[in-house]
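Asks: Here is my input, please return the structure:
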Amino acid sequence: MIRVRKAADRGGADHGWLQTAHTFSFSSYYDPEHMGFRALRVINEDRVRPSQGFGEHGHRDMEIITYVLSGALEHRDSVGNATILRAGEMQRMTAGKGIRHSEANPSADEPVHFYQIWLFPEREGLEPSYEQKAFPDEGERNQWRLAVSPDGRDGSLRIHQDASIHLATLDEGKSLTRPIEEGRSAWLQVLRGSVALRDQTLEAGDGAAIADESLIAIRAERPSELMLFDLA
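Replies: As a prediction, this is how the structure comes out:
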């Protein structure tokens, strides 16, 4: 079963300083048909204007993944981290028993475009923690790159959930496959470009829930960037 979530059907808002699109219910956007998928609770695509951002706010009991597509994002939190994420960099923040943080665009003239993803953790009350890593595509095009995993293998960020995240940058006309173990599901998010997934075309911002399938096959109709979640 493949169920496509088109970008145009997402919720979201234009706040002037922030343009945001919500794949699943979030903030003032509520749709009981789109509350998440497996451990996935939030997939937000955000664009923040120069010198703007989210003030300090708190989170609990959530694994938060942020991936920057273009521009830069400044992160500060209550456990002492103060960093800047640039294009191709990803962070994992375990909110656990409670963390406060802020996110801002430090540039005076360039917007920042990024995805923020929330997953439920394996258990509540974890100690807050933070990781950040760059995933450049030089020399690694047209293949899956492991970015997040439960055990941090192969240099990936470690998430406290039975889930993994794979990235891929595909040249036009290139194809990728990936097996799905029995009992597991996947979510494909198209970050850029356009791909064919079976008999459907997915454009930038589109996502697809994939369940009861043993293999997925993807072909790039244009140069594309993908994020694939492997979920228990």
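
Asks: Using CSV, write out the CA atom coordinates for stretch 41-49.
Replies: C-alpha atoms of stretch 41-49 as CSV (Å, rounded to 0.1, in the frame of the first residue of the first chain):
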residue,chain,number,x,y,z
ARG,A,41,4.5,12.8,14.5
VAL,A,42,5.6,15.9,12.7
ILE,A,43,7.1,16.7,9.3
ASN,A,44,7.3,20.5,8.9
GLU,A,45,8.9,22.3,5.9
ASP,A,46,9.9,25.8,7.0
ARG,A,47,11.3,28.9,5.4
VAL,A,48,12.5,31.7,7.7
ARG,A,49,13.3,35.2,6.5
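
Asks: From Gly98, how far off is His59?
Replies: Noted for His59: a distance of 8 Å to Gly98, by CB to CB, to the nearest Å. All C-beta atoms are positioned from the backbone trio N, CA, C, and that covers glycine.

Asks: More neighbours: these two, which one.
Replies: Shown here are His59 and Gly98; by other CB atoms under 10 Å, His59 has more neighbours (17 against 13).

Asks: Enumerate every residue touching that one.
Replies: Met93, Ala95, Gly98, Ile99, Arg100, His101 (CB atoms under 8 Å, 6 or more residues apart in numbering).

Asks: Give me the pLDDT value at it.
Replies: With respect to pLDDT, His59 scores 96.

Asks: which residues does it form a beta bridge with?
Replies: Following DSSP bridges, His59 is listed with bridge partners Ile99.

Asks: List the residues that contact Leu197.
Replies: Ile2, Val4, Leu188, Ala208, Ile216, Ala217, Ile218.
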